[in-house]
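J.: Got a predicted structure here, sequence first:
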Amino acid sequence: MRYMALACDYDGTIAHDGQVSQSTIESLERLAASGRSLILVTGRQLSDLLQIFPRIDIFRRVVAENGAVLYRPSTKEVKLLAPPPDPILLEALSRKSVEPLYAGQCIIDTRQPHENTVLECIKALGLEHQVIFNKGAVMVLPAGVNKAFGLRAGPCRAPAQCPQCSWCGRCRKRQCLFDYVSVCCGCSQCSAYVARTLHLLYQICSRRWSQ
């Protein structure tokens, strides 16, 4: 048995337009019932995720805010891995009329085309922050905080690559996770990144796990 955990993204992976289909939920339940751990890794804020995804209890751990927040669904325990959003940065962005502008527990969220304004404010304030782009979203976090960072701090504690954790997501944009976990679908393009193919992914992984 090689893979003991499946780490997967939310939007564009198990969810379409923010919603997870019943067939996808059933596939996730089968994976959980097989004894493997399910880990949800997402850029979404935890409060938003809890509102739109009532079956979050399927997952053993949740890595939210792009690696800055850990959540244990079984106990509702929340652990912050980064400091809260810088209030001076938020004020500067607000003065520059950056909208929408959301502050999570650790992350700052806005949308394109505000990336240049965000970078200018970070530079002007001398902050060691990074800007992450994902499907039109512009996310601000302290340097070094990403999804692999969240996995290392929580569900997968190994200091190097974790060969027993497979990743399902938009892999071409997740090199930090490529460097940390094994990719489950077996092809370089990771065609199993949308919700409608999760059942096929389950079958593929099941065959591998039985070897």
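T.: Okay, I see it.

J.: which regions of the chain sit below the pLDDT cut-off?
T.: 1-3, 154-211 (pLDDT under 70).

J.: Please report the distance of the most centrally placed residue in it from Ile52.
T.: The residue lying closest to the centre of the chain (C-alpha atoms, centre = their mean) is Thr42, at 2.1 Å. Per C-beta to C-beta, to the nearest Å, Thr42 is found 11 Å from Ile52. Yep, even glycine has a C-beta here, placed from its N, CA and C like the rest.

J.: Repeat that for His114.
T.: Distance from His114 to Ile52, by C-beta to C-beta: 24 Å.

J.: what about these two, which has more around it?
T.: Higher neighbour count among His114 and Ile52: His114, with 18 against 13, using other C-beta atoms under 10 Å.

J.: The more buried one contacts Val138, correct?
T.: Yes: proximity of His114 to Val138 meets the contact threshold set by C-beta atoms under 8 Å, at 5.9 Å.

J.: any idea where the helices of the chain begin and end?
T.: Assigned by DSSP state H, the helices in the chain fall at 22-33, 46-52, 87-95, 115-125, 147-153, 175-178, 198-209.

J.: Out of those, which is the most enclosed?
T.: Mean neighbour count, computed with mean count of other C-beta atoms under 10 Å, is highest for helix 147-153 among those, reaching a mean of 23.

J.: packing partners for it?
T.: strand 37-41, strand 61-64, strand 69-72, helix 175-178 (3 or more C-beta pairs under 8 Å, 6 or more residues apart in numbering; DSSP states H and E).

J.: Pull the residues that contact the longest one.
T.: Read it as strand 37-41. 4-10, 28, 31-32, 49, 56, 58-63, 67, 147, 150-151, 155-156, 165, 169, 177 (C-beta atoms under 8 Å, 6 or more residues apart in numbering).

J.: Relative to it, what are the paired strands and their orientations?
T.: strand 5-8 (parallel), strand 61-64 (parallel) (DSSP bridges).

J.: what's the spacing between the last one and its chain's center?
T.: What it means is strand 61-64. 7 Å (C-alpha atoms, centre = their mean, to the nearest Å).

J.: One more: the first one?
T.: For strand 5-8, the separation from the chain centroid amounts to 11 Å (computed by C-alpha atoms, centre = their mean).

J.: Which residues does stretch 126-146 contact?
T.: With contact meaning C-beta under 8 Å, 6+ apart, stretch 126-146 is reached by 11-12, 43, 65-68, 81-83, 85-86, 89, 106-112, 114-115, 118-119, 122, 173, 176.

J.: Restricted to buried residues, select those in PyMOL.
T.: Selecting only the buried entries of the contacts of stretch 126-146 in PyMOL, with 16 or more other C-beta atoms under 10 Å as the criterion:
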select buried, resi 11+43+65+66+67+68+81+82+85+86+89+106+107+108+109+110+114+118+122
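
J.: among the contacts of stretch 126-146, which are in strands?
T.: Applying DSSP state E to the contacts of stretch 126-146, the entries found in strands are Ile108, Asp109, Thr110, Arg111.

J.: Wait, the third one touches Lys96, no?
T.: No: here Thr110 lies out of contact with Lys96, judged by C-beta under 8 Å, at a distance of 10.4 Å.

J.: can you list the helices and strands packed on helix 147-153 in JSON lines and add distance to Val20?
T.: JSON lines is the format used below for the helices and strands packed on helix 147-153 (distance: least, C-beta to C-beta, whole Å):
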{"stretch": "strand 37-41", "distance to Val20": "10"}
{"stretch": "strand 61-64", "distance to Val20": "13"}
{"stretch": "strand 69-72", "distance to Val20": "17"}
{"stretch": "helix 175-178", "distance to Val20": "20"}
